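S.K.: A predicted structure for the sequence below; I have some questions about it.
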Amino acid sequence: MTRYGSAEARVFVVATLVALVHAVDDAFVHRGPGLGLGQHAPAAAISIVAAIAGIAVFPSLRPGLRAALAFTFGGLACVNGMLHVFHVAEDGPAGGDPTGILALAAGAVLIGLAASILWRRRGEAMWRSRVVAVAAGLLLVIVVLGPVGLGMVETHKWREPIGSPPSAAYRDIAFHSSDGLRLAGWYRPSRNGAAVLVVHGGGSDRTGAVDHAEMLARHGYGVLVYDARGRGESEGSPNGFGWDWRKDVDGALAVLKRQPDVDADRIGALGLSTGADVLIEAAPGNRDLAAIVADGAAAESFEDWHRLRGTDLGLPSGWVMFTTIRVLSGDPPGPPLEDRIARLRAPALLISAGEDVERDFNVLYEKVGNPAVEHWNLPEAHHTNAIHEYPRQYERRVVTFFDKELT
């Protein structure tokens, strides 16, 4: 115990254990409705091992490395804790918010400890400690801390209140994904015998897809908008890149086929951002989809980025982020979208906005040369916002596409 006799070591141990309590709480106690105990067990195991290892080596490290370790643990705890603060501010406390806020406090203590170590040791081999701390800190932030933090955000986005349907024409609907999660949404009956499933983006919920649903409803289409797993009022845990959302799509299509106002051979889908990626993944081999519109498709996995960028120097950070998402979510990524586009048989319209990476991905996917796929680029529009920035052109192109393919 003499190794932990210093105030620095005691503060590090206590703050690390407080942050660990939240990691365990998040993985097992408040893991999300509908999820089994094993879903987030790998994330909990890694947190426990990392905490124990950090506590074991902390007293024997040089001051610069002690500061870097405290800063790393503190930064990650703060990222996780801030997500819970945002949730409390948005919707009040629930679930793992109390331990999440404690983790934020512990993270702040650890970052303060890192600063204190560097300040108090400034006279002891000052230049060496600072060089080590700065170099290690920059490397950790760029390659590890930043990407891991982004991965935490993608798998811990808080739920927001859903509110009332956009009009009395919609009714509440509940159904199950193909792996048994209860999902919630709104359905507006069809007036022309055809229906379109609308899949929202990664950080959104059904409310983010209402404008697209309303556009289609004006032309007689039945529309189903729902909360993907872990979003809104649906069971499961969130994943901003849509891993396992194809199982939600399967459940949504099954419930659409059962609607008395819908011809089962006239069902299409429109996806936004992550929802577009998921439809591209789900459509090949899915005979229930007669046509899809993918608005804002880009990348669903690290492999998608690798195929676009090759050996780009930023890829190691991307690998860390996607690996973090896999560990924290307990879900594997889907297959490369380029391969899925090659296998599409149902007609598809891929819409990209701007001239940035979204356009680059659309160019990559256009090179696949699948005759079933149309590509439309709107260079002046923003991501999935063409419906507002070019309303007439967007509505004409999308509705004409569905009118042609779902009649």
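M.R.: Received the coordinates, thanks. Numbering: from 1, shown residues only.

S.K.: all helices for the stretch 101-250 of the chain, in order.
M.R.: Shown for the stretch 101-250 of the chain, the helices assigned by DSSP state H, counting those that start in this stretch span residues 126-139, 146-155, 210-217, 245-257.

S.K.: lowest-confidence stretch among those?
M.R.: Looking at those, the lowest mean pLDDT belongs to helix 126-139 (a mean of 63).

S.K.: And for G369, the neighbour number?
M.R.: 9 (other Cβ atoms under 10 Å). Heads up, the C-betas are built off the backbone N, CA and C, glycines and all.

S.K.: Now do the SS call for it.
M.R.: Assigned by DSSP: H, G, I helix; E, B strand; the rest coil, the conformation of G369 is coil.

S.K.: OK, contacts around it?
M.R.: Applying Cβ atoms under 8 Å, 6 or more residues apart in numbering to G369 gives no contacts.

S.K.: Check what pLDDT it gets.
M.R.: 95.

S.K.: thinking again about what came up before, how about the helices of the stretch 101-250 of the chain, which one is nearest A297?
M.R.: helix 245-257 (13.3 Å; Cβ to Cβ).

S.K.: Where does I351 fall, secondary structure wise?
M.R.: strand 348-353 (DSSP states H and E).

S.K.: Residue ranges of each domain in this structure, please.
M.R.: If you go by automatic domain parsing, the domain ranges for the chain are 2-155, 171-310+332-405.

S.K.: which of the ones you listed sits most buried?
M.R.: With neighbours defined as mean count of other Cβ atoms under 10 Å, the domains of the chain peak in mean count at domain 171-310+332-405, which reaches a mean of 20.

S.K.: show me where the stretch 301-407 of the chain has helices.
M.R.: Going by DSSP H, counting those that start in this stretch, the stretch 301-407 of the chain shows helices at 302-309, 315-329, 337-343, 357-366, 386-389, 391-405.

S.K.: Pick out the shakiest of those, pLDDT-wise.
M.R.: Taking the mean pLDDT of the helices of the stretch 301-407 of the chain, helix 315-329 comes last: a mean of 90.

S.K.: quick one: buried residues of that helix?
M.R.: 317-318, 320-322, 324-329 (16 or more other Cβ atoms under 10 Å).

S.K.: re the thing from before, what's the strand holding I351 in contact with?
M.R.: 276, 280, 283, 291-297, 341, 358-359, 361-362, 365-366, 372-379, 381-386, 397-398, 401.
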